[in-house]
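**Q** fold the following, please.
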Amino acid sequence: MHDLTVIIEAEQQGVVLSERIHARKLACGREKLQRNERSAMKSGEETVF
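**A** Numbers count the residues shown, from 1 in each chain. Purely as a prediction, here's the structure:
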């Protein structure tokens, strides 16, 4: 039973780590989107989320 809880904890930590990486990618993506929005506004295009 002990091994199972260790595995679950490790998986949860892995999930947290991947969520952090994903959040960082999203933050970078948002900055790019904002830049794209500015240029899209000039050309009159709508940005799709």
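**Q** just the mean pLDDT for stretch 14-34, thanks.
**A** For stretch 14-34, the mean per-residue pLDDT is 87.
**Q** how far is it from where the chain is centred?
**A** In terms of CA atoms, centre = their mean, to the nearest Å, the centre of stretch 14-34 is set 3 Å apart from its chain centre.
**Q** and stretch 9-19, by the same measure?
**A** On the basis of CA atoms, centre = their mean, stretch 9-19 sits 14 Å off its chain's mean C-alpha point.
**Q** oh, and call the first residue 722 from now on, that's how I've got it
**A** Got it, first residue is 722 now, which makes that one stretch 730-740.
**Q** quick one: the helices in the chain?
**A** 723-764 (DSSP state H).
**Q** what is the burial count for E732?
**A** E732 has 10 neighbours, counted by other CB atoms under 10 Å. In this view, the C-beta of every residue, glycine as well, is placed from N, C-alpha and C.
**Q** check the gap between it and A744 for me.
**A** The gap separating E732 from A744 is 18 Å, by CB to CB, to the nearest Å.
**Q** one more: D724?
**A** Taking CB to CB, one finds D724 at 30 Å from A744.
**Q** those two: who's more crowded?
**A** A744 (10 against 7).
**Q** can you show me the CA trace of stretch 731-749 as PDB?
**A** The C-alpha trace of stretch 731-749 is given here as PDB (Å, rounded to 0.1, in the frame of the first residue of the first chain):
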ATOM      1  CA  ALA A 731       4.900  11.400  -7.500                       C
ATOM      2  CA  GLU A 732       2.200  11.500 -10.200                       C
ATOM      3  CA  GLN A 733       0.500  14.500  -8.600                       C
ATOM      4  CA  GLN A 734       3.900  16.300  -8.400                       C
ATOM      5  CA  GLY A 735       4.400  15.500 -12.100                       C
ATOM      6  CA  VAL A 736       0.900  16.900 -12.900                       C
ATOM      7  CA  VAL A 737       1.700  20.100 -11.000                       C
ATOM      8  CA  LEU A 738       5.000  20.400 -12.800                       C
ATOM      9  CA  SER A 739       3.400  19.900 -16.200                       C
ATOM     10  CA  GLU A 740       0.600  22.400 -15.300                       C
ATOM     11  CA  ARG A 741       3.300  25.000 -14.400                       C
ATOM     12  CA  ILE A 742       5.100  24.400 -17.700                       C
ATOM     13  CA  HIS A 743       1.700  24.700 -19.500                       C
ATOM     14  CA  ALA A 744       0.900  27.900 -17.600                       C
ATOM     15  CA  ARG A 745       4.200  29.300 -18.600                       C
ATOM     16  CA  LYS A 746       3.600  28.400 -22.200                       C
ATOM     17  CA  LEU A 747       0.100  30.000 -22.000                       C
ATOM     18  CA  ALA A 748       1.600  33.200 -20.500                       C
ATOM     19  CA  CYS A 749       4.100  33.300 -23.400                       C
END
